[in-house]
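# Coordinates for the following, if possible.
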Amino acid sequence: MADTVSPDPAALSYEQARDELIQVVGRLEQGGTTLEESLQLWERGEALAARCEEWLLGARKRLEAARRNAGDGDAPAGGDA
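The predicted structure is shown next:
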C-alpha cells in the first residue's frame with residue numbers, strides 16, 4: 001500500500017470508492033501485512049467509506065427533492081383523492 005499513490009477519495013465516484021473499499025477490506029481480512037500497512041489500509045478504508053456515505057446521502061437528498069417537486073403538481077385542486 002505504501003508503494004502506490006492512491007487518488008484522493010473526494011475525487012472518486014461512488015463506484016470507484018466502493019470497489020476500492022472492497023479491495024481494502026479484502027486485504028485486511030487476508031492479514032499478512034505489517035502493523036503500519038494495516039493502519040494505512042484502515043485509514044484508507046475509513047476515507048473511502050466516508051466518501052461512499054457522502055455519495056449516498058447526496059443521492060438521498062436528490063431523491064427527496066425530486067419526490068417533493070413531483071408531488072407539487074400531482075395534488076388535485078379540490079383536495080379530493
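# What score does A59 have for pLDDT?
Per-residue pLDDT puts A59 at 96.
# Now do the SS call for the residue nearest the centre of the chain.
Geometric centre of the chain, nearest residue: C52, 0.6 Å, by C-alpha atoms, centre = their mean. Following DSSP: H, G, I helix; E, B strand; the rest coil, we place C52 in the helix state.
# What score does the spatially closest residue to R27 that is not a sequence neighbour have for pLDDT?
Leaving aside its sequence neighbours, R27 sits nearest to L41 (C-beta to C-beta, 6 or more residues apart in numbering; 5.7 Å). (Glycine included, C-beta is placed from N, CA and C.) L41 carries a pLDDT value of 97.
# The nearest residue to the residue nearest to the centre of the chain once chain neighbours are set aside - how many residues pack around it?
Spatial nearest neighbour of C52, excluding adjacent residues (C-beta to C-beta, 6+ apart): A17 at 5.0 Å. Per other C-beta atoms under 10 Å, the neighbour tally for A17 reads 23.
# if I pick A17, what's in contact with it?
A17 is in contact with 9, 48, 51-52, 55, counting by C-beta atoms under 8 Å, 6 or more residues apart in numbering.
# So for stretch 32-44, what gets flagged as buried?
Neighbour-count burial for stretch 32-44 flags 40-41, 44 (criterion: 16 or more other C-beta atoms under 10 Å).
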